[in-house]
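**Student:** below are the sequence and a predicted model for it; my questions follow.
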Amino acid sequence: MKNNKEMQNQIIARLRLLSAERQREALPEKNLQIEKWVHRVNQHSNQWQPSSPVFPRLNDSQSRKLAPLERQDSGLESASVSGMSAPAKTPILSERRPLQLTPVPSRSRSYSRLELPVSVRVYRKSCRRLKILPVRRVVGQFGRQRIILHDLCMSTSDVRATCKGLMHETSATYLDISGNSLCAVGCGYVLQMLSRNQSFKELRLAENCLTGPGIWSVFKYFQTFRVITVLDISGNRLTDRDGIVVSYIVKTSPQLRVLHVHHNEFRELAGKAMGSVIGKFHGYILFVFHMT
């Protein structure tokens, strides 16, 4: 039994030695590289390590000889310091100049670097008040003679902000705001702007759902202000009753030269009203009229 145990222990020891040798032989190149790298690091650290200066020890006789020389050196240093006039020490804070604060720009001041038209500034200010984002296409139309704002899907707040900016467009004569589904409320903002800014001569209100109160507000505007010479109200789903209101618009506005009323839902009553208007004002007004 003892011999068997000894044989087992010897076998286990040999296996351990073999496993250790195999591990060493598995990555011989890597082990060599690591050893070389460690050797280089040690050489580099030994080469650049600052060596502390080693001064030889002095005997008692040598120290006695050097003592008077050290006293003479200290006396010379004190004499030179006492003979020189030391500069007046001034605090560092006194040498600094007071900081010049830049003035904060006030809201009442106008700066030349902005150089934005009044209409653009008013439009952006109204957008901030109404909490909406300015439309880039709307901003790009300000300052032009022909302002085209069709098919922008503008909300009521967008129309309100745009109209506030258009109040300051004195050089524009053409306004196309068709295809925005303004309805009566949005059309009211546009007509309010036109009542204050009477420089526009041509107005495009096509495809804005002006049935009923919308076309009636247009009639109220033309009854008071006689400025617009070209009017486009096509594609607004106007019925026969709305056609009668359109005939009233033509009667009360002698300055009107061109009227677009096509693509509406006009029938017999509207045809009779338009016929009577065409008979009276034939010769100086052009109707663009299609029956459906």
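**Tutor:** That came through, no problem.

**Student:** C-alpha from now on. contacts and neighbour counts both.
**Tutor:** Fine.

**Student:** so where's the stretch 151-292 of the chain uncertain?
**Tutor:** For the stretch 151-292 of the chain, the stretches flagged by pLDDT under 70 are 281-292.

**Student:** ok, which stretches of it are helices?
**Tutor:** Assigned by DSSP state H, counting those that start in this stretch, the stretch 151-292 of the chain shows helices spanning 156-166, 183-196, 213-224, 240-252, 268-280.

**Student:** surely Gly143 meets Glu169?
**Tutor:** Yes. Applying CA atoms under 8 Å, one finds Gly143 in contact with Glu169, separated by 6.8 Å.

**Student:** show me which of the two is the more surrounded one.
**Tutor:** For Gly143 and Glu169, the more surrounded residue by other CA atoms under 10 Å is Glu169, and the numbers stand at 23 against 18.

**Student:** identify the contacts common to Gly143 and Glu169.
**Tutor:** Both Gly143 and Glu169 are in contact with Ser119, where contact means CA atoms under 8 Å, 6 or more residues apart in numbering.

**Student:** which residues of this protein fall in strands?
**Tutor:** 146-148, 174-176, 202-204, 230-232, 258-260, 286-288 (DSSP state E).

**Student:** and the helices of the stretch 151-292 of the chain, which is most packed in?
**Tutor:** helix 156-166 (a mean of 22; mean count of other CA atoms under 10 Å).

**Student:** and it with helix 183-196, angle?
**Tutor:** With axes from the mean of the first three to the mean of the last three CA atoms, to 10 degrees applied, the angle from helix 156-166 to helix 183-196 works out at 10 degrees.

**Student:** who are the packing partners of helix 156-166?
**Tutor:** Using 3 or more CA pairs under 8 Å, 6 or more residues apart in numbering; DSSP states H and E as the contact test, the elements touching helix 156-166 are helix 118-130, helix 183-196.

**Student:** could you dump those into TSV with distance to Lys251 added?
**Tutor:** Listed next are the helices and strands packed on helix 156-166 as TSV, based on distance: least, CA to CA, whole Å:
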stretch	distance to Lys251
helix 118-130	34
helix 183-196	19
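
**Student:** out of those helices, the one nearest Leu32 is which?
**Tutor:** helix 118-130 (72.7 Å; CA to CA).

**Student:** could I get the buried residue list for that closest one?
**Tutor:** Going by neighbour count (16 or more other CA atoms under 10 Å), the buried part of helix 118-130 is Ser119, Val120, Val122, Tyr123, Arg124, Lys125, Ser126, Cys127.

**Student:** may I have the residues that are in contact with the last one?
**Tutor:** The one in question is Cys127. Leu133, Pro134, Asp158, Ala161.

**Student:** for the first one, give me its contacts.
**Tutor:** So that's Leu133. Here Leu133 is in contact with Cys127 (CA under 8 Å, 6+ apart).

**Student:** ok, now the last one?
**Tutor:** By CA under 8 Å, 6+ apart, the contact set of Ala161 is Tyr123, Arg124, Ser126, Cys127, Leu130.

**Student:** likewise Asn197?
**Tutor:** Leu166, Met167, His168, Glu169, Thr170.

**Student:** mind doing that once more with 10 Å?
**Tutor:** Leu166, Met167, His168, Glu169, Thr170, Ala172, Leu191 (CA atoms under 10 Å, 6 or more residues apart in numbering).

**Student:** how many residues are close by Gln43?
**Tutor:** Using other CA under 10 Å, Gln43 is surrounded by 12 other residues.

**Student:** any low-confidence regions in the stretch 1-150 of the chain?
**Tutor:** 1-3, 18-31, 44-114.

**Student:** tally up the residues packed near Phe200, please.
**Tutor:** If we define neighbours as other CA under 10 Å, then Phe200 has 22 of them.

**Student:** so how far is Leu191 from it?
**Tutor:** Note on Phe200: its distance to Leu191, by CA to CA, to the nearest Å, is 11 Å.

**Student:** what does Ala172 give?
**Tutor:** 15 Å.

**Student:** now do Cys163
**Tutor:** 9 Å.

**Student:** please apply the same query to Arg204.
**Tutor:** To Leu191, Arg204 is 12 Å away according to CA to CA.

**Student:** what's the answer for Gln223, then?
**Tutor:** 12 Å.

**Student:** where do the contact lists of those two overlap?
**Tutor:** Ser217.
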